[in-house]
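>>> take this sequence and fold it.
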Amino acid sequence: MIDPPARRFPSPGGAPSRSRVVVPVVIAAAVAVLGAAPTVLGHGSVPDDPPSAISLLFGWSSEPLLALPTLAAALVWLRLVGSVNRSHPDNPVPRRRSGAFLAGLLAIAFALQSGIERYDTTLFSVHMVQHLLLTLVAAPLLVLGAPITLLLRAASAEDRRRWILPVLHSRFVRVVAHPVVDTLLFGAVMWGTHFSPLFDHALEDRFAHDVEHLLFLGAALLFWWPALGLDPGPYRLSPPVRIMYTFLQMPQNTFLAVAILYAPTVLYAHYATIAAPWLPDPLTDQQLAAGIMWLGGDLLFLTAILGLVWDWSRREERDTVAAERRADNALPLIRAREADLASRVASRATTAPAEQGEGEQAAQAAGHGEIGDGAAGDGDTGHAAERAPGLG
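Residues are numbered from 1 along each chain as shown. Here you go, the predicted model:
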């Protein structure tokens, strides 16, 4: 499924050594986020004021353990893009891919460090917005950036052959990248976290909360990988199959939202035990969260489906234009063949009457010969009759 690296992705000088140094640092920083997380009540105490548009949009917190990995990922991306663009000025990385990837990182930062993070353990409805940002906004934007393709282009031929391609062709990746597995895994993570003790425990334990976010983001990345189909992978879905694949995931989001909406009691004890003068009824807030998941999630899924349909139509249009261009390029050759065929037919038409005239002359000559022979024969017979006595 992956083109030969030496032909498609030539090696930019110096990029592999930087990636081998920077990428492990990013991974170590991400591990440090989880390892250094203390067990505290969510993200602190209950805010004194209710959420507002200003507090949600501009109430950012400076938490280095979350900001540094995001910033490091953005810097690594820009460095690799610059390396590829310098090595291949005629075929640079499309700007829309860099824009999508950086927008995905911004969505993660907005979900985990803005005012949403301040209220996620206080209001279930705000927490639901956070989860939608991670799974249905940040994850597809990151996949639209095509990070695997960028890594293949930035790595050397030796590193691709030795490290990257064996991982992409490994049995583990073939299993986790299978569309059926991704569909079941994404649904299992969503249902399993919302209807298990993990969700309530994550509201009290910072480490569990970060693990929950990693589960959401990881399962969403695996789901959107075959759905968008920009990066190479073990399985390539045709545009109609990708549309159906994405559409079939929407009902599980709807059913989960309906299950939360019609729950007769508060599902998570954490939200029922906190108190503040401005807090709404926990069951009302839970129903609002279900409505956000239902309407917001389905709208995001429909947006993705419409985008896939639009991409399919553009691909069909490009294929039609390419076919017409190939036909136009082949037209002179067809005209030359037609002219050659016409000249051959004309030459045969001119030679046919001459051959026919020669045949008629030969036939006439043969006819005259036969008549002469017959007359001679009759004469001989007459003389023989005259010489034979008594025949009369």
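>>> close enough to count as contact, Leu57 and Ser114?
Yes: the pair formed by Leu57 and Ser114 meets the contact definition of CB atoms under 8 Å, at 6.9 Å. All C-beta spots, glycine's among them, are computed from the backbone N, C-alpha and C.
>>> more neighbours: these two, which one.
Taking neighbours as other CB atoms under 10 Å, Leu57 and Ser114 compare with Ser114 leading, 19 against 12.
>>> how much space between Leu203 and Leu279?
14 Å (CB to CB, to the nearest Å).
>>> neighbour-wise, which of those two wins?
Leu203 (23 against 14).
>>> look up phi and psi at that one.
phi -70, psi -20 (degrees, to the nearest 10).
>>> what about Trp77, neighbour count?
19.
>>> check which element follows the host helix or strand of Ile54 along the chain.
Applying DSSP states H and E as the criterion places Ile54 in helix 53-58. Downstream of helix 53-58, the first helix or strand assigned by DSSP H and E is helix 64-87.
>>> measure Ala154 to Ser45 for me?
45 Å.
>>> typo on my end, it should be Leu165
50 Å.
>>> kindly report the same for Phe101.
35 Å.
>>> between the two, who's got more neighbours?
Phe101 (24 against 11).
>>> OK, contacts around the residue lying closest to the more buried one once chain neighbours are set aside?
Nearest residue to Phe101 in three dimensions, chain neighbours excluded: Gly145, at 2.8 Å (CB to CB, 6 or more residues apart in numbering). By CB atoms under 8 Å, 6 or more residues apart in numbering, the residues touching Gly145 are Trp77, Arg97, Ser98, Ala100, Phe101, Leu102, Gly104.
>>> who touches the strand or helix carrying the last one?
The reference is to Gly104. For Gly104, the element it lies in under DSSP H and E is helix 95-113. By CB under 8 Å, 6+ apart, the surrounding residues in contact with helix 95-113 are 60-63, 66-67, 70, 73-74, 77-78, 81, 116-117, 129-130, 133-134, 137-142, 144-147, 150, 213, 217, 230.
>>> look at Asp48 and tell me its secondary structure.
Of the three states, Asp48 takes coil under DSSP: H, G, I helix; E, B strand; the rest coil.
>>> how many residues are close by it?
8.
>>> now it: how far from Val76?
Taking CB to CB, one finds Asp48 at 39 Å from Val76.
>>> any idea which helix or strand comes after the helix holding Gly104?
By DSSP H and E, the next helix or strand past helix 95-113 is helix 115-119.
>>> for that following helix, packing partners?
Where contact means 3 or more CB pairs under 8 Å, 6 or more residues apart in numbering; DSSP states H and E, helix 115-119 is packed against helix 53-58, helix 124-132.
>>> now do the contacts for the residue most central in space within the chain.
The residue lying closest to the centre of the chain (CA atoms, centre = their mean) is Gly229, at 1.4 Å. Listed by CB under 8 Å, 6+ apart, the contact partners of Gly229 are Arg236, Leu237, Arg242.
>>> would you turn the residues you listed into TSV with pLDDT, neighbour count and secondary structure?
Converted to TSV, these look like this (pLDDT from 0 to 100; neighbours: other CB atoms under 10 Å; DSSP: H, G, I helix; E, B strand; the rest coil):
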residue	pLDDT	neighbour count	secondary structure
Arg236	89	11	coil
Leu237	92	17	coil
Arg242	95	22	helix
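>>> mind putting these in a markdown table, distance to His169 included?
Putting those into a markdown table (distance: CB to CB, whole Å) gives the following:
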| residue | distance to His169 |
| --- | --- |
| Arg236 | 14 |
| Leu237 | 18 |
| Arg242 | 22 |
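>>> any idea which helix or strand of the protein has the worst average confidence?
Here the helix or strand of the chain ranked lowest by mean pLDDT, DSSP states H and E is helix 5-8, holding a mean of 37.
>>> so how far is Leu331 from Leu144?
38 Å.
>>> looking at the two, which is more packed in?
Leu144 (20 against 10).
>>> give the burial count for Leu71, as a bare number.
By other CB under 10 Å, neighbour count at Leu71 equals 15.
>>> ditto for the one 3 residues further on
Here the number of neighbours of Ala74 (other CB under 10 Å) works out to 16.
>>> for it, what are its contacts?
Counting by CB under 8 Å, 6+ apart, Ala74 has contacts Leu102, Leu105.
>>> 10 Å - rerun?
Residues in contact with Ala74 (CB atoms under 10 Å, 6 or more residues apart in numbering) are Ser98, Phe101, Leu102, Leu105, Leu106, Ala109.
>>> just send those back as a markdown table, with pLDDT and distance to Thr183 too.
Shown next, in a markdown table, are these (pLDDT from 0 to 100; distance: CB to CB, whole Å):
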| residue | pLDDT | distance to Thr183 |
| --- | --- | --- |
| Ser98 | 96 | 29 |
| Phe101 | 97 | 24 |
| Leu102 | 97 | 28 |
| Leu105 | 96 | 26 |
| Leu106 | 96 | 27 |
| Ala109 | 94 | 28 |
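>>> mind checking which of those are buried?
Neighbour counting with 16 or more other CB atoms under 10 Å marks Ser98, Phe101, Leu102, Leu105, Ala109 as buried within the contacts of Ala74.
>>> just send those residues back as CSV, with distance to Ala208 too.
Shown next, in CSV, are the buried ones among the contacts of Ala74 (distance: CB to CB, whole Å):
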residue, distance to Ala208
Ser98, 34
Phe101, 28
Leu102, 29
Leu105, 24
Ala109, 21
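>>> tell me the one among these nearest to Arg160.
Phe101 (20.3 Å; CB to CB).
>>> distance-wise, check that closest one relative to Pro166.
On the measure of CB to CB, Phe101 and Pro166 end up 25 Å apart.
>>> and the contacts of Ala74, which is closest to Ile305?
Phe101 (21.7 Å).
>>> how far away is that closest one from Trp163?
21 Å.
>>> report the residue spans of the stretch 251-392 of the chain with pLDDT below the cut-off.
For the stretch 251-392 of the chain, residues meeting the criterion pLDDT under 70 lie at 319, 322, 324, 328, 352-392.
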